[in-house]
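[1] Provided below for reference: sequence and predicted model.
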Amino acid sequence: MLVILRHNISEEKRDQLIGWLQSQQLGVHISVGSYHTVLGLIGDTSRIDIDRIRSLDIVESVKQVSDPFRCSSRKSHPEDTVVEVGNVKIGGGHFCTIAGPCSVESEEQIVTIAREVKRAGADLLRGGAFKPRTSPYSFQGLEADGLMLLREARKLTGLPIVTEIMSDSQLDEFGDVDILQVGARNMQNFRLLKAIGQTKKPVLLKRGLSATIEEWLMSAEYIMAGGNENVILCERGIRTFEHLIRNNLDISAVPLIKKHSHLPILIDPSHAAGIAWMVEPLAKAAIAAGADGLMIEVHNNPKEALCDGAQSLNMDQFADVMKEVKRRAAFEGKITD
C-alpha cells in the first residue's frame with residue numbers, strides 16, 4: 001500500500017502518522033520527492049482502515065498495490081483449486097454440469113428430472129427448496145419438504161445435490177446437502193458467509209446482481225478466512241440497462257477470475273439471459289472463455305413451472321445441449337468425468 005502525502009505538510013504530522021503506522025506492525029519506507037512524500041507500507045495491511053487514512057488532512061491519496069483478497073488470490077495460491085464432491089471434481093481442468101429445476105415442486109417432478117439430467121450427462125442435481133423471490137407473493141419453495149425430496153432424488157440417482165441456503169440458522173438443516181448455494185441476493189450476507197466458513201462443506205457462491213469482481217472475491221474471502229477453502233464461484237449475469245434480457249452474462253468474469261484467483265468458476269446461462277433459447281449459445285461462450293462448468297435449469301414441463309419456466313430447458317433440449325457441451329469441452333481440453 002502506498003500513502004501519498006500532501007505538499008508542504010509539517011514534519012511533526014508526518015512523523016505522527018509514520019509512528020502510528022509502525023505501531024500497527026508495519027514497516028514504512030519513506031520516499032521524499034520535490035512535491036510529495038510517499039510512504040510505502042510493508043506487511044499485512046488488511047487490518048488498516050484505508051478510509052481512516054484517506055480522511056487525514058495530510059494525506060492526498062492511498063493506493064492499493066496488492067489485492068485486498070488474500071485467501072482467494074492466485075498470488076498466494078498459484079495452482080488451481082479443485083473442489084471434490086463425491087466423485088465429481090470441479091476446477092483444475094475438470095468440467096462439470098449442474099442441472100435441475102429452479103424449484104422443487106413435487107416428488108414426481110424432481111425424481112423425473114434427476115433421472116433425465118443424469119442420463120443426459122449431468123454431474124450434480126440442483127433444485128431450490130427455499131426460494132428468495134423478488135415478490136413476497138411468488139412461490140417461495142417447499143422449504144423443508146423440498147430438502148427431503150432432493151434427498152430422495154439423490155438416493156435414487158446417486159447425483160450429489162446443490163441447493164440454496166438463506167440463513168446461518170439453517171446450517172444444521174442443510175447438514176447433508178452436498179453443495180451449499182449462496183444466491184446472488186445473499187452474496188454479501190456476511191453473517192451467513194462467516195458461518196459457512198466455519199464448515200468444510202463445498203459452497204457455490206453466486207455473484208451479486210451488481211457486484212464487482214473485487215466485491216465478489218471479498219465475499220469468497222469471508223468464507224475462506226474462516227477455514228473453508230471449498231469455494232466455487234458462479235457468474236449468473238449482472239444487471240445492466242439492457243431490457244431485452246433478464247441479466248447480462250459477464251463473460252469477461254471468467255478470464256478475470258482465472259487471472260486473479262485460483263478458485264473454480266462456473267457459468268449459469270439460464271439466469272444470465274432468462275430466455276431458454278439463449279442457454280446453448282451462452283454455454284458455448286462459457287466453455288470457450290475457460291469456465292470450469294455450467295449450471296443449467298431444466299424442467300419436465302417449463303410452461304407449467306412454478307418458477308423461472310421461461311429460462312428452463314425441457315429434457316429433450318437439455319440432452320441436445322449436453323451433447324454440444326461435452327463436444328466443446330473436450331475440444332478445449334477439459335476433463336469430463
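    Done, it's in.

[2] contact partners for the residue lying closest to Leu233 once chain neighbours are set aside?
    With CB to CB, 6 or more residues apart in numbering as the criterion, Leu233 has its nearest non-adjacent residue at 4.4 Å, and that residue is Ile265. For glycine as for every other residue, the C-beta is placed from the backbone atoms N, C-alpha and C. Ile265 makes contact with 232-235, 253-254, 257-258, 291-292, according to CB atoms under 8 Å, 6 or more residues apart in numbering.

[3] any idea how far Lys303 is from Ile265?
    32 Å (CB to CB, to the nearest Å).

[4] next secondary structure element downstream of the helix or strand harbouring Trp216?
    Per DSSP states H and E, Trp216 falls inside helix 213-225. On the C-terminal side of helix 213-225, the nearest following helix or strand under DSSP H and E is strand 231-235.

[5] and that next one, average pLDDT?
    Strand 231-235 shows a mean pLDDT of 98.

[6] which helices and strands sit right next to that strand?
    strand 203-206, helix 213-225, helix 253-260, strand 265-267 (3 or more CB pairs under 8 Å, 6 or more residues apart in numbering; DSSP states H and E).

[7] quick one: the ones you listed as a markdown table, columns for mean pLDDT and distance to Asn247 too.
    Shown next, in a markdown table, are the helices and strands packed on strand 231-235 (pLDDT from 0 to 100; distance: least, CB to CB, whole Å):
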| stretch | mean pLDDT | distance to Asn247 |
| --- | --- | --- |
| strand 203-206 | 98 | 11 |
| helix 213-225 | 96 | 15 |
| helix 253-260 | 97 | 12 |
| strand 265-267 | 98 | 12 |
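
[8] okay, helices next: where are they in the stretch 101-250 of the chain?
    107-120, 144-157, 190-197, 213-225 (DSSP state H, counting those that start in this stretch).

[9] nearest to Gln317, out of these?
    helix 107-120 (9.9 Å; CB to CB).

[10] what angle do that closest one and helix 144-157 make?
    40 degrees (axes from the mean of the first three to the mean of the last three CA atoms, to 10 degrees).

[11] give me the buried stretch members for helix 107-120, please.
    Under the neighbour-count criterion of 16 or more other CB atoms under 10 Å, helix 107-120 has 109-118, 120 buried.

[12] what packs against that helix?
    strand 96-100, strand 124-126, helix 144-157, helix 315-331.

[13] distance of Lys334 from Pro264?
    12 Å.

[14] go on, Thr97?
    On the measure of CB to CB, Thr97 and Pro264 end up 13 Å apart.

[15] which residues do those two both contact?
    By CB under 8 Å, 6+ apart, the residues touching both Thr97 and Pro264 are Gly293.

[16] and Leu39, what element?
    Leu39 belongs to strand 37-42, assigned by DSSP H and E.

[17] no further questions, thank you.
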